[in-house]
Each structure stands twice: as structure tokens, then as C-alpha cells.
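J.: Build me a model:
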Amino acid sequence: MKHIEENEQIKLFDWARHIKALRWMYAVPNGGRRNIREAARLKRQGVKAGVADIHLPYPMPPYHGLFIELKRHIGTATVTDKQQEFLQDMELKGYKVAVCRGFEEARATIVEYMKL
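T.: This next block holds a predicted model:
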């Protein structure tokens, strides 16, 4: 099921690649299964559990930017406690946050946020 989420994120970035206003939107490589050595190396580099999957560092008043936690569009993927904590903290700091189920919902969230 993890591949479904990955594929949805790939579709989102394939779509965004053609929109100049989204050129600085990026993915945060927090998810996925890794061996212990790789996980430890990434943690030392600053990868943190709970950080949202996607960040659009483009302010749209009253927001400073947009964070999206992307979940697969089918099934029952849930937001972890760490993810919820991150999203709540960012919202309190003035960011727009969203949990999106799949490409279509994420795209609609971005379009609405950017007023595209």
C-alpha cells in the first residue's frame, strides 16, 4: 500500500512541474522503510519523524506557506501522533496545513491555496 502513496506523490509533482508558481514545492524524505544504518544516517542529517510530506514555501496571506501530509487515496491510512503534532504546531505558527488523500485532493488543496 505504501507504493500507492508514493505513486500519488509522483503524480502530484509531475503535475506541479509545469506550473512556475510551484517550482519550489518540495518533498520531505521522511517516509519509507530503511535499514537501521540508513535510518540513523538520515536522522543525523536532520530527517525528523512527523514532518509533513510536502512543503510549498510560498506565502499566501494570511499564511506563510503550505504543508501537506499526503495519504493514499484508498484504504485507511492514519496520521501519526508525531505528524499531528507537527501539523498543529505549523498551523499555530501561521502555515496552512492539510492532510490530503491522494493526488486529486492534494492538487485541489494547492489550487485553492495558490488561487490558481
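
J.: Would you mind writing the CA trace of the worst-scoring helix or strand of the chain on mean pLDDT as CSV?
T.: Within the chain, no helix or strand scores below helix 36-44, which has a mean of 82 by mean pLDDT, DSSP states H and E. What follows is helix 36-44, C-alpha atoms only, in CSV (Å, rounded to 0.1, in the frame of the first residue of the first chain):
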residue,chain,number,x,y,z
ILE,A,36,19.0,0.7,10.6
ARG,A,37,22.2,2.2,9.3
GLU,A,38,20.5,4.3,6.6
ALA,A,39,17.8,5.5,9.1
ALA,A,40,20.5,6.5,11.6
ARG,A,41,22.4,8.4,8.9
LEU,A,42,19.4,10.3,7.7
LYS,A,43,18.4,11.1,11.3
ARG,A,44,21.9,12.6,11.9
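
J.: Can you name every helix or strand that the following helix or strand past it contacts?
T.: Remark: after helix 36-44, the chain's next helix or strand is strand 54-56, criterion DSSP states H and E. In terms of contacts (3 or more CB pairs under 8 Å, 6 or more residues apart in numbering; DSSP states H and E), strand 54-56 is packed against strand 26-27, strand 66-71, helix 102-114. C-beta: built from backbone N, CA, C; applies to glycine.

J.: would you turn those into CSV with distance to Glu38, mean neighbour count and mean pLDDT?
T.: Output for those, formatted as CSV (distance: least, CB to CB, whole Å; neighbours: other CB atoms under 10 Å; pLDDT from 0 to 100):
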stretch, distance to Glu38, mean neighbour count, mean pLDDT
strand 26-27, 17, 14, 95
strand 66-71, 22, 23, 96
helix 102-114, 27, 17, 97
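
J.: so which of these comes closest to His18?
T.: Taking CB to CB as the criterion, helix 102-114 is the member of the helices and strands packed on strand 54-56 that comes nearest to His18, at 12.0 Å.

J.: what angle do that closest one and strand 66-71 make?
T.: Going by axes from the mean of the first three to the mean of the last three CA atoms, to 10 degrees, helix 102-114 is angled at 170 degrees with respect to strand 66-71.
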